[in-house]
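In: Have a look; sequence and predicted model below, questions after that.
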Amino acid sequence: MRPAGHSLSLNQILWGNAMQTMSNFAQTMWEIFFIFMLVAYLLVLFQIVVDLFRDRDMSGFTKAIWIIGLLALPFLTALLYIIFRGGGMAKRQAATIQEARAESDAYIRSVAGGKSSIEQIAEGKALLDSGAITADEFAKLKAKAIG
(Lines give C-alpha, C1' and ligand atoms only; values in the text may rest on other atoms or scores of the structure.)
Protein backbone atom coordinates (compact mmCIF):
# COMPACT_ATOMS: atom_id res chain seq x y z
CA MET A 1 0.00 0.00 0.00
CA ARG A 2 1.16 3.47 -0.78
CA PRO A 3 0.88 6.18 1.78
CA ALA A 4 -1.84 8.71 1.03
CA GLY A 5 -0.78 11.48 -1.28
CA HIS A 6 1.99 9.49 -3.07
CA SER A 7 1.50 8.94 -6.79
CA LEU A 8 3.08 6.43 -9.18
CA SER A 9 6.42 7.39 -10.63
CA LEU A 10 6.77 8.02 -14.35
CA ASN A 11 8.94 4.89 -14.64
CA GLN A 12 6.21 2.73 -13.10
CA ILE A 13 3.58 4.21 -15.40
CA LEU A 14 5.68 3.73 -18.56
CA TRP A 15 6.81 0.18 -17.79
CA GLY A 16 3.38 -0.86 -16.63
CA ASN A 17 1.83 0.39 -19.87
CA ALA A 18 4.63 -1.14 -21.92
CA MET A 19 4.11 -4.55 -20.36
CA GLN A 20 0.37 -4.30 -20.95
CA THR A 21 1.00 -3.24 -24.55
CA MET A 22 3.44 -6.13 -25.13
CA SER A 23 0.94 -8.55 -23.66
CA ASN A 24 -1.77 -7.24 -26.00
CA PHE A 25 0.61 -7.34 -28.96
CA ALA A 26 1.64 -10.94 -28.26
CA GLN A 27 -1.98 -11.96 -27.84
CA THR A 28 -2.93 -10.22 -31.09
CA MET A 29 -0.08 -11.90 -32.98
CA TRP A 30 -1.10 -15.29 -31.57
CA GLU A 31 -4.70 -14.70 -32.66
CA ILE A 32 -3.60 -13.69 -36.16
CA PHE A 33 -1.45 -16.82 -36.41
CA PHE A 34 -4.31 -18.99 -35.14
CA ILE A 35 -6.78 -17.52 -37.64
CA PHE A 36 -4.27 -17.98 -40.47
CA MET A 37 -3.76 -21.64 -39.55
CA LEU A 38 -7.52 -22.18 -39.26
CA VAL A 39 -8.15 -20.70 -42.71
CA ALA A 40 -5.31 -22.76 -44.20
CA TYR A 41 -6.71 -25.91 -42.59
CA LEU A 42 -10.21 -25.17 -43.91
CA LEU A 43 -8.80 -24.62 -47.41
CA VAL A 44 -7.06 -28.01 -47.22
CA LEU A 45 -10.30 -29.68 -46.07
CA PHE A 46 -12.23 -28.04 -48.89
CA GLN A 47 -9.62 -29.14 -51.43
CA ILE A 48 -9.81 -32.72 -50.13
CA VAL A 49 -13.61 -32.82 -50.39
CA VAL A 50 -13.48 -31.40 -53.93
CA ASP A 51 -10.84 -33.98 -54.86
CA LEU A 52 -12.96 -36.78 -53.41
CA PHE A 53 -15.90 -35.89 -55.61
CA ARG A 54 -13.69 -35.22 -58.63
CA ASP A 55 -12.13 -38.70 -58.57
CA ARG A 56 -14.08 -40.96 -60.93
CA ASP A 57 -12.04 -44.06 -60.15
CA MET A 58 -12.91 -44.17 -56.45
CA SER A 59 -16.06 -46.01 -55.42
CA GLY A 60 -18.88 -44.28 -53.58
CA PHE A 61 -18.28 -46.44 -50.50
CA THR A 62 -14.64 -45.36 -50.30
CA LYS A 63 -15.65 -41.73 -50.71
CA ALA A 64 -18.14 -42.14 -47.88
CA ILE A 65 -15.44 -43.64 -45.63
CA TRP A 66 -13.15 -40.67 -46.32
CA ILE A 67 -15.98 -38.18 -45.60
CA ILE A 68 -16.86 -39.95 -42.34
CA GLY A 69 -13.18 -39.85 -41.40
CA LEU A 70 -13.03 -36.13 -42.16
CA LEU A 71 -16.03 -35.54 -39.91
CA ALA A 72 -14.85 -37.80 -37.06
CA LEU A 73 -11.09 -37.11 -37.01
CA PRO A 74 -10.58 -34.22 -39.43
CA PHE A 75 -6.92 -33.40 -38.81
CA LEU A 76 -5.69 -37.01 -38.87
CA THR A 77 -7.83 -37.93 -41.88
CA ALA A 78 -6.69 -34.86 -43.81
CA LEU A 79 -3.07 -35.69 -43.07
CA LEU A 80 -3.55 -39.32 -44.17
CA TYR A 81 -5.38 -38.23 -47.33
CA ILE A 82 -2.56 -35.91 -48.30
CA ILE A 83 0.04 -38.59 -47.61
CA PHE A 84 -1.69 -41.41 -49.51
CA ARG A 85 -3.55 -39.56 -52.25
CA GLY A 86 -1.78 -36.20 -52.46
CA GLY A 87 0.14 -37.00 -55.63
CA GLY A 88 -3.03 -37.79 -57.52
CA MET A 89 -4.74 -34.59 -56.40
CA ALA A 90 -2.66 -32.44 -58.73
CA LYS A 91 -3.13 -34.86 -61.64
CA ARG A 92 -6.91 -34.94 -61.19
CA GLN A 93 -7.05 -31.16 -60.94
CA ALA A 94 -4.92 -30.77 -64.08
CA ALA A 95 -7.16 -33.24 -65.94
CA THR A 96 -10.28 -31.33 -64.87
CA ILE A 97 -8.76 -28.05 -66.04
CA GLN A 98 -7.80 -29.65 -69.36
CA GLU A 99 -11.34 -30.99 -69.85
CA ALA A 100 -12.84 -27.60 -69.05
CA ARG A 101 -10.47 -25.92 -71.50
CA ALA A 102 -11.33 -28.42 -74.24
CA GLU A 103 -15.06 -27.90 -73.66
CA SER A 104 -14.60 -24.13 -73.71
CA ASP A 105 -12.59 -24.28 -76.94
CA ALA A 106 -15.20 -26.53 -78.56
CA TYR A 107 -17.97 -24.13 -77.53
CA ILE A 108 -16.06 -21.13 -78.89
CA ARG A 109 -15.46 -22.93 -82.19
CA SER A 110 -19.14 -23.86 -82.48
CA VAL A 111 -20.25 -20.27 -81.83
CA ALA A 112 -17.60 -18.68 -84.06
CA GLY A 113 -18.51 -20.70 -87.15
CA GLY A 114 -16.21 -23.59 -86.60
CA LYS A 115 -14.56 -23.87 -90.02
CA SER A 116 -10.86 -24.51 -89.97
CA SER A 117 -8.51 -22.71 -92.29
CA ILE A 118 -8.10 -25.89 -94.37
CA GLU A 119 -11.87 -26.11 -94.88
CA GLN A 120 -12.06 -22.43 -95.85
CA ILE A 121 -9.25 -22.82 -98.39
CA ALA A 122 -10.88 -25.98 -99.80
CA GLU A 123 -14.19 -24.14 -100.23
CA GLY A 124 -12.36 -21.24 -101.87
CA LYS A 125 -10.58 -23.63 -104.24
CA ALA A 126 -13.91 -25.22 -105.17
CA LEU A 127 -15.35 -21.77 -105.91
CA LEU A 128 -12.25 -20.90 -107.96
CA ASP A 129 -12.51 -24.14 -109.94
CA SER A 130 -16.21 -23.53 -110.62
CA GLY A 131 -15.45 -19.99 -111.81
CA ALA A 132 -17.48 -18.27 -109.10
CA ILE A 133 -14.47 -16.26 -107.88
CA THR A 134 -11.29 -14.97 -109.51
CA ALA A 135 -7.73 -15.95 -108.65
CA ASP A 136 -7.24 -12.63 -106.80
CA GLU A 137 -10.35 -13.25 -104.70
CA PHE A 138 -9.11 -16.76 -103.92
CA ALA A 139 -5.71 -15.36 -102.85
CA LYS A 140 -7.44 -12.88 -100.51
CA LEU A 141 -9.64 -15.67 -99.09
CA LYS A 142 -6.59 -17.87 -98.60
CA ALA A 143 -4.65 -15.08 -96.84
CA LYS A 144 -7.63 -14.40 -94.58
CA ALA A 145 -8.00 -18.11 -93.74
CA ILE A 146 -4.33 -18.53 -92.90
CA GLY A 147 -4.51 -15.52 -90.64
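Out: Structure received.

In: Just the element for R56, please.
Out: Per DSSP states H and E, R56 falls between elements, in no helix or strand.

In: Please report phi then psi for it.
Out: With angles defined as degrees, to the nearest 10, R56 sits at phi -90, psi -20.

In: Distance-wise, check it relative to T96.
Out: Distance, R56 to T96, using Cβ to Cβ, to the nearest Å: 10 Å. Heads up, the C-betas are built off the backbone N, CA and C, glycines and all.

In: for I32, same thing?
Out: From I32 to T96 the distance is 34 Å (Cβ to Cβ).

In: Which of those two has more residues huddled nearby?
Out: When I32 and T96 are compared for neighbours, T96 comes out ahead with 13 against 10, by other Cβ atoms under 10 Å.

In: so what pLDDT did the more buried one get?
Out: Looking at T96, its pLDDT is 90.

In: Quick one: list the elements packing against the lengthiest helix in the chain.
Out: If you go by DSSP state H, the chain has its longest helix at helix 10-54. In this structure, helix 10-54 packs against helix 60-72, helix 74-112, with contacts taken as 3 or more Cβ pairs under 8 Å, 6 or more residues apart in numbering; DSSP states H and E.

In: got the contact list for M89?
Out: 47, 51, 82 (Cβ atoms under 8 Å, 6 or more residues apart in numbering).
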